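>>> let's see this in three dimensions:
(6 chains)
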Number of protein chains: 4
Amino acid sequence: MARRAASKLRSDRAPGPAAAAGETRKRSEKSAARRTAIVDAALQEFSTRGFEAARLDDVAKRAGVAKGTIYLHFRDKEALFQEIVGTMLVPMIAAMEVPPPPDVPIRTIVQTRVDMFIREVYATERRDVLRLVMAEGPRFPHLAEFYYRNVVERAIAAMRALLAAAAARGELRHGELIAYPQLVVAPMLMAIIWSGLFERFAPLDVSALMHSHLDILFGKECAP
Amino acid sequence: MARRAASKLRSDRAPGPAAAAGETRKRSEKSAARRTAIVDAALQEFSTRGFEAARLDDVAKRAGVAKGTIYLHFRDKEALFQEIVGTMLVPMIAAMEVPPPPDVPIRTIVQTRVDMFIREVYATERRDVLRLVMAEGPRFPHLAEFYYRNVVERAIAAMRALLAAAAARGELRHGELIAYPQLVVAPMLMAIIWSGLFERFAPLDVSALMHSHLDILFGKECAP
Amino acid sequence: MARRAASKLRSDRAPGPAAAAGETRKRSEKSAARRTAIVDAALQEFSTRGFEAARLDDVAKRAGVAKGTIYLHFRDKEALFQEIVGTMLVPMIAAMEVPPPPDVPIRTIVQTRVDMFIREVYATERRDVLRLVMAEGPRFPHLAEFYYRNVVERAIAAMRALLAAAAARGELRHGELIAYPQLVVAPMLMAIIWSGLFERFAPLDVSALMHSHLDILFGKECAP
Amino acid sequence: MARRAASKLRSDRAPGPAAAAGETRKRSEKSAARRTAIVDAALQEFSTRGFEAARLDDVAKRAGVAKGTIYLHFRDKEALFQEIVGTMLVPMIAAMEVPPPPDVPIRTIVQTRVDMFIREVYATERRDVLRLVMAEGPRFPHLAEFYYRNVVERAIAAMRALLAAAAARGELRHGELIAYPQLVVAPMLMAIIWSGLFERFAPLDVSALMHSHLDILFGKECAP
DNA sequence: CATGAATGAGCATTCATTCAT
DNA sequence: AATGAATGAATGCTCATTCAT
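Sure thing, here's the model as predicted:
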């Protein structure tokens, strides 16, 4: 989590020269670290109790800051919620938008992306963010729209491009998919919801599920 | 729900005897009506604002009863939530469990059931119940389990039976489906979530979506 | 204070007939008593600490009710403030508006009214209400206007009528007063402010002050 | 105020010697300027929102300093309040204490002082300070006493001396005024309160009001 | 001296739940 | 059974004050 945002900032910056700059950085780094800690803590609390039931007191405690500090970084509880989405989900989408290499079968590319999704989202706290958006989104229209514009729309466009490429190459059995690229990821979302509800007594093997799903959509993957 | 259904049964069979009994029944009928009104009102409020944010005051107002009356019927707010699920979702499942008629193509049967689902759930307030369960379920393990045992498990079993029958008759292209019958309904769930989040600016044609989906799973439906 | 509102209610009502009505009244009487207690407590707290610094917790404690009860009677803290003015100051004004008896010297009537003001306002908690309005009014424009329309404007009109009558009878030395009836009461207001600030170490004899003031305005009162 | 005035004095007399001293002075001048800026800003905020509701954050912003800087000059919020009174009101009083020239009618002198008060207080932000003292004073006994000792008492003494002189010269109609010199200024105070409450919809012409008032007290001013 | 990030006590308001009527 | 007034714990947010830089 500190990794997430912090690593970005760090990699953006040059190795760091003078002592004066060092001091300045120490301050802003500390501030950024606090901010990150708050976002992470909020994610935990929000996804455990829901937006309404989560207490900022607990967020603060978990983040190791005073309650008032939260308000130095976020206007209010809802802004904190929005930040979670912006921080955790939006960056993810870029990876989906790289154009497919021409010499790899689309099925393989899709498989790769699905695997990545499972690895980077399903298996991490990002899954909780996604679940949170699905659960609380209806009550936060602004957030829903932000999420749609910055994540969903772009993800669908990317998927559609991929499917169109597949169709062009004759690799796509089911042209219908181009109309509804959502169909490719629907089982992923279902799995996320499933895990939140039933994991304890009816765990689901997402990889296997998605593998079967892709087999159905694209046909069995040919072993090389 | 238990009581509500029971009172229904009672009123169905009672041939209507003495005046005294009539009065008794009148009373219990009134009570049952109140109960129903409360559940309906609660559904509205819960699905609009979420479990935490919904106020029992509003539920009472909407149901036309006093706040205290709610507690004559339900132990607490959570019990009311559970009742909603029991009342609105469980009865639905029975229709899914009737064995398929032997002379109709499975694809047609599945299509019929999907249509029914769209008509009876997606197009009604039941959709909100389902969304509610998906959204709030993780915070109510008891409810989640109840829902799993009484709805999900049975729905999956029914679907699996259907798919097995299809396979036995050679009507199923993708044997994988038998392992993951969830794949059949995943797009439905996605559509429900989608509608809650994005309907305003990106409406989704569920019927068309599901039709495409079934085409992919079973092949194009043959016109008779 | 209980006197204030309660006595009104009581005097409006018939002696009270049936037992059933008695029970009903018991409830609403209790409610009215609570309301009165809250208003009185609020006045104490507001005039002691000021509007902002007064804590509703203390108001509740002083009124002997739970904090939430306040909100059964008043939308918010400000509404409670407004109620104080409406309850304590507005009723007072009626007495000022009775037309002067034709056979009594105006000077005597004014003196009587000033004495009444001293007795009914200056010597009671109403003085604190007045002080409160003067102190906090600028920050509550709505309240200020309400107070102006319902108290000040009417009081000035009544005073002006009195002075006009005096002028007509040749009893008014200073015609200027008709233009500025405020001049008659200005020392009263000053005295109220004075008492709030300096009473501890520089008490002021309001009666004597006002007597001198009226002597100046009207000439010495003739002993009968 | 003490320090502010002191620094002023210092800068008045320092003939400006060495560079080192120059730098020192520059520093302390800057500091004094800051202090003044803070007091001015605080006056704005306090008189707009009241003592409790005023936020030091806003004071700092308006003064163009950091929040912490306020605490370099004042122990706490209340000290800042006291400073406002000391700075803005006390200096004013000196002008009132100069003995009346023997050849000018007292009525004229009083008129002159009233005009000065209107010009220097009523028409400036000092009016807000005065209003502030009247409004918040009861909650700050120490301030009230300071204000009484340094302003009110002296003002009253000065006014009484004036009135005594008038009486001695046979220019005072109403000997009662000597007992209550407050009566002379009461309408001024009322006007200040009035303007805070009702200015928007019922403006008051203070000059005319006071002119009438003085006419009543002293008789019409004789044209020369 | 100056800064402004951080603190945490404080407070208005809400709302599930109870209980006298 | 039904009511709805009363309760009081809970919680988001504010802001005077401190202190490391």
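>>> state the pLDDT value of residue A:21.
pLDDT, residue A:21: 46.
>>> same deal with residue A:172?
Model confidence at residue A:172, given as pLDDT, is 89.
>>> same check, this time on residue A:100
pLDDT, residue A:100: 87.
>>> for the longest helix along chain A, buried residues please.
For chain A, the helix with the greatest residue count under DSSP state H is helix A:19-49. By neighbour count, with 16 or more other CB atoms under 10 Å in any protein chain shown as the criterion, the buried positions of helix A:19-49 are A:32, A:34-47. To be clear about C-beta, it is placed using only N, CA and C from the backbone, and glycine gets the same treatment.
>>> briefly note if the next helix or strand after that helix comes near DNA strand F.
As assigned by DSSP states H and E, the chain's next helix or strand after helix A:19-49 is helix A:56-63. Yes: residues of helix A:56-63 contacting DNA strand F under CB under 7 Å from any atom of the strand: A:56-57.
>>> does any part of the helix or strand hosting residue A:131 sit near DNA strand F?
Assigned by DSSP H and E, residue A:131 falls within helix A:126-136. No: Helix A:126-136 does not reach DNA strand F (CB under 7 Å from any atom of the strand); its nearest approach is 13.3 Å.
>>> can you tell me which residues contact the closest residue to chain C within chain A?
Closest to chain C within chain A is residue A:57: 19.2 Å, counting by CB to the nearest CB. Residue A:57 makes contact with residue A:67 under the criterion CB atoms under 8 Å, 6 or more residues apart in numbering or on different chains.
>>> nearest residue to the most centrally placed residue in chain A in space, ignoring adjacent ones along the chain?
When CA atoms, centre = their mean is applied to chain A, the residue found nearest the centroid is residue A:89 (3.3 Å). Nearest non-adjacent residue to residue A:89, counting by CB to CB, 6 or more residues apart in numbering or on different chains: residue A:151, 5.3 Å away.
>>> what is the burial count for the one you found?
19 (other CB atoms under 10 Å in any protein chain shown).
>>> surely it is in contact with residue A:90?
Yes: taking CB atoms under 8 Å as the definition, residue A:151 is a contact partner of residue A:90 at 6.2 Å.
>>> pLDDT below threshold where in chain A?
Applying pLDDT under 70 to chain A flags residues A:1-27, A:221-224.
>>> and the helix or strand containing residue A:212, what does it pack against?
Using DSSP H and E, residue A:212 sits in helix A:206-218. Packing partners of helix A:206-218 (3 or more CB pairs under 8 Å, 6 or more residues apart in numbering or on different chains; DSSP states H and E): helix A:106-117, helix A:182-198, helix B:176-179, helix B:182-198, helix B:206-218.
>>> pull up the gap between residue A:218 and residue B:219, please.
15 Å (CB to CB, to the nearest Å).
>>> compare neighbour counts for those two and give me the winner.
Set residue A:218 next to residue B:219 and count neighbours by other CB under 10 Å: residue A:218 wins out with 22 against 14.
>>> which one is that one nearest to, not counting chain neighbours?
residue A:107 is the one closest to residue A:218 (CB to CB, 6+ apart), at 4.1 Å.
>>> wait, the one you found sits on residue A:215?
No: counting by CB under 8 Å, residue A:107 does not reach residue A:215; the two are 9.1 Å apart.
>>> those two - which one has more neighbours?
Per other CB under 10 Å, whichever of residue A:107 and residue A:215 has more neighbours is residue A:107, with 20 against 16.
>>> for that one, which residues are in contact?
Contact partners of residue A:107, counting by CB under 8 Å, 6+ apart, are A:166, A:171, A:214, A:218-219, A:221.
>>> how about residue A:210?
A:114, A:118, A:187-188, A:191.
>>> mind doing that once more with 6 Å?
Going by CB atoms under 6 Å, 6 or more residues apart in numbering or on different chains, residue A:210 touches residue A:114.
>>> now swap in residue A:138 and tell me
residue B:196.
>>> now do the SS call for it.
helix (DSSP: H, G, I helix; E, B strand; the rest coil).
>>> so where does the residue of chain A found nearest DNA strand E fall, helix or strand?
Going by CB to the nearest atom of the strand, DNA strand E is nearest to residue A:68 of chain A, at 1.7 Å. Element membership for residue A:68, per DSSP H and E: helix A:67-73.
>>> show residues contacting that helix.
Under the criterion CB under 6 Å, 6+ apart, residues A:35, A:38, A:56, A:60 lie in contact with helix A:67-73.
>>> what is the nearest of these to residue D:130?
Set against residue D:130, the nearest of these by CB to CB is residue A:56 (42.3 Å).
>>> and for the closest one, the neighbour number?
19.
>>> same deal with residue A:170?
7.
>>> so it: helix, strand or coil?
coil.
>>> so how far is residue B:148 from it?
42 Å.
>>> how about residue A:156, what does it touch?
Residue A:156 neighbours (CB under 6 Å, 6+ apart): residue A:181.
>>> residue A:130 versus that one, what's the distance?
Counting by CB to CB, the gap from residue A:156 to residue A:130 is 15 Å.
>>> cool, and residue A:51?
14 Å.
>>> with residue A:103 instead?
32 Å.
>>> one step back: flag every buried residue along the helix holding residue A:212.
A:206, A:209-218.
>>> with stretch A:142-160 instead?
A:143-148, A:151-152, A:154-156, A:158-160.
>>> want to throw the residues you listed into TSV with secondary structure?
Shown next, in TSV, are the buried residues of stretch A:142-160 (three-state DSSP):
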residue	secondary structure
A:143	helix
A:144	helix
A:145	helix
A:146	helix
A:147	helix
A:148	helix
A:151	helix
A:152	helix
A:154	helix
A:155	helix
A:156	helix
A:158	helix
A:159	helix
A:160	helix
